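S.K.: Got a sequence here, can you build the structure:
(one chain, ligands or ions: 1)
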Amino acid sequence: MSKPSTLGGACIIASVCVGAGMLGLPSAGAGAWTLWTVLAISVTMVMMTLSGWLLLEALKHYDFKVSFNTITKDVLKSKVNAINNLSLYFVGGILLYAYISSSGMIFGGIFDINAKLASVLFVIASSVFVLHSTRAVDRISVLLIIFMAISFIIGISGLATNIQLPTLLDSIDSQTSLSPYALAILPVALTSFGYHHSVSTMRDYYRDENRAKNAILGGTLIALTFYVIWVVCIFGNLPRTQFGPIVAAGGSVDALMTALGSVVSSNSVKQALNIFSIAAVVSSFIGVGLGVFDYLADFFGFEDTKQGRFKTWAVTFIPPLVFSLFAPFGFVAAIGLAGAAATIWTCIIPALLAKKLRQRQPEQQGFVVPGGNVTIYAVIIFGVLTACFHLLAMADVLPIFQG
Ligand SMILES: N[C@@H](Cc1ccccc1)C(=O)O
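M.R.: Below you'll find the predicted structure:
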């Protein structure tokens with residue numbers, strides 16, 4: 001059998017990364033604008049790659065099939081593992097919540113119905129695939145990814161040819177200092193580079209840490225490339241001053257698309273961007289939904305029968321739906337909150353695992369992340385600060401861009 005290619009694994013990691021975070025980046029970065037946003041996402045990419053590598057290094061002491069859950073329980077004990085699991089579930093739940101809220105607004109607008117009714121109909125229609133089987137999700141995902149790829153290319157090339165340098169660099173409004181806004185991007189950027197539940201899958205896929213390491217780096221590099229193109233194309237077309245209504249709408253995807261629609265003259269580019277955003281929301285909803293579904297089925301011990309799957313469906317989708325109907329609080333805020341929680345299992349726990357295992361076995365063989373303890377502390381500090389930035393932004397302590 002031929003060995004799996006590094007590029008294949010890199011694409012898997014990139015497709016796990018690309019999702020809600022990417023859709024939230026333009027609104028989260030509007031305050032800091034192009035240069036600071038690109039800097040913030042680049043720093044995040046480096047830290048999130050290192051944290052994935054630290055998890056990989058920790059896993060090398062175990063069997064290829066060993067998962068995140070098992071290693072955390074073994075090295076850091078049950079209490080920390082419970083926190084790890086809780087934050088994993090929380091991130092899945094809040095991402096579903098964000099998708100349900102934005103799909104309600106998108107489809108409510110398209111079909112001219114109430115957004116809440118649209119959310120309910122969206123959940124029923126899309127979660128059917130998850131309820132049916134992983135195979136159904138696999139099929140529909142391929143279709144959605146084809147739609148996404150084509151519409152992304154058309155939409156982005158339409159935007160790219162229309163980039164205005166003064167808009168991109170915000171040189172008209174050079175008086176305002178943009179740097180204080182850069183901190184608020186980090187939680188959303190952290191979400192956009194979250195892939196860490198797939199690290200053990202990658203290791204088992206290659207059965208070689210060094211190749212898995214390259215696939216992870218390749219994946220985060222592909223994601224970074226997408227994000228930079230995405231942000232530059234949007235910031236080069238939509239002036240910073242026009243982000244006011246988008247920020248006021250909580251950075252929702254449909255508000256972003258409406259604003260883009262007003263500055264893009266080509267109808268086909270407008271349509272392509274709309275199709276892209278819908279396909280991105282639906283595919284991420286189904287992808288994250290399947291992850292949470294499998295996780296909860298295992299957690300509650302629900303069987304893989306019709307009745308069992310229905311129970312799992314209910315615990316997976318009803319809580320985020322109910323929250324989005326009764327407590328809507330904005331897309332970007334939800335994505336940032338996901339980042340603040342994800343930092344636990346994407347930065348802090350991987351660094352602690354590697355640290356503990358380096359102490360346990362000072363004579364290290366095989367894959368070791370470069371930089372010694374400096375890398376470990378840098379990842380932990382980055383993770384803690386990112387969570388703090390989100391909490392500070394929520395408490396109105398960090399400057400928030402209002403447009
Ligand atoms: N990166 C994913 C979400 C995610 C976060 C954390 C871990 C795994 C996945 C997205 O932006 O949609």
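
S.K.: From Thr167, how far off is the residue of the stretch 101-250 of the chain found nearest the ligand?
M.R.: Of the residues in the stretch 101-250 of the chain, the one nearest the ligand is Gly194, at a distance of 2.1 Å by C-beta to the nearest ligand atom. C-betas here are computed from N, CA, C, even on glycine. Distance, Gly194 to Thr167, by C-beta to C-beta, to the nearest Å: 30 Å.

S.K.: Can you tell me the SS state at Ile163?
M.R.: Here Ile163 is recorded as coil under DSSP: H, G, I helix; E, B strand; the rest coil.

S.K.: contacting residues around it?
M.R.: Counting by C-beta atoms under 8 Å, 6 or more residues apart in numbering, Ile163 touches 232-233, 236-237.

S.K.: Not counting sequence-adjacent ones, nearest residue to Phe64?
M.R.: Computed as C-beta to C-beta, 6 or more residues apart in numbering, the closest residue to Phe64 that is not its neighbour in sequence is Asp204, at 4.5 Å.

S.K.: show me where pLDDT drops low in the chain?
M.R.: Where the chain drops to pLDDT under 70, the residues are 1-2, 172-175.

S.K.: Pull up the residues of it that are close to the ligand.
M.R.: Counting by C-beta under 6 Å from any ligand atom, the chain comes close to the ligand at 16-17, 19-21, 91, 95, 191-192, 194-197, 284, 342, 346.

S.K.: neighbour-wise, which of these leads?
M.R.: Neighbour counts for those, by other C-beta atoms under 10 Å, peak at Thr191, which reaches 34 neighbours.

S.K.: before we move on, back to that, out of the residues of the chain next to the ligand, flag the one nearest to Leu178.
M.R.: Within the residues of the chain next to the ligand, the smallest distance to Leu178 is 20.0 Å, found for Ser192 (C-beta to C-beta).

S.K.: Assign Val397 to helix, strand or coil.
M.R.: Criterion first, three-state DSSP; result for Val397: coil.

S.K.: those helices in the stretch 301-403 of the chain, which residues are they?
M.R.: Using DSSP state H, counting those that start in this stretch, the helices of the stretch 301-403 of the chain run over 306-326, 331-343, 349-360, 372-394.

S.K.: I'd guessed Ala297 sits against Asp304; true?
M.R.: Yes: judged on C-beta atoms under 8 Å, Ala297 makes contact with Asp304 at a distance of 7.4 Å.

S.K.: The two: which has the busier surroundings?
M.R.: Taking neighbours as other C-beta under 10 Å, Ala297 and Asp304 compare with Ala297 leading, 19 against 9.

S.K.: what helix or strand does the more buried one sit in?
M.R.: Taking DSSP states H and E as the criterion, Ala297 maps to helix 267-300.

S.K.: quick check: angle from that helix to helix 306-326?
M.R.: Using axes from the mean of the first three to the mean of the last three C-alpha atoms, to 10 degrees, the inter-axis angle of helix 267-300 relative to helix 306-326 is 120 degrees.

S.K.: helices or strands up against helix 267-300?
M.R.: Packing partners of helix 267-300 (3 or more C-beta pairs under 8 Å, 6 or more residues apart in numbering; DSSP states H and E): helix 20-29, helix 68-111, helix 115-132, helix 134-160, helix 253-263, helix 306-326.

S.K.: Counting neighbours, what do you get for Leu144?
M.R.: Leu144: 19 surrounding residues under other C-beta under 10 Å.

S.K.: From Ser127, how far out is it?
M.R.: Counting by C-beta to C-beta - Leu144 and Ser127 are separated by 14 Å.

S.K.: what's the answer for Phe331, then?
M.R.: Phe331 is 20 Å from Ser127, by C-beta to C-beta.

S.K.: what's the answer for Phe317, then?
M.R.: In terms of C-beta to C-beta, Phe317 sits 5 Å off from Ser127.

S.K.: How about Ile222?
M.R.: 29 Å.

S.K.: got it, and Ala215?
M.R.: On the measure of C-beta to C-beta, Ala215 and Ser127 end up 30 Å apart.

S.K.: If anything else comes up later, I'll come back, but that's it for now.
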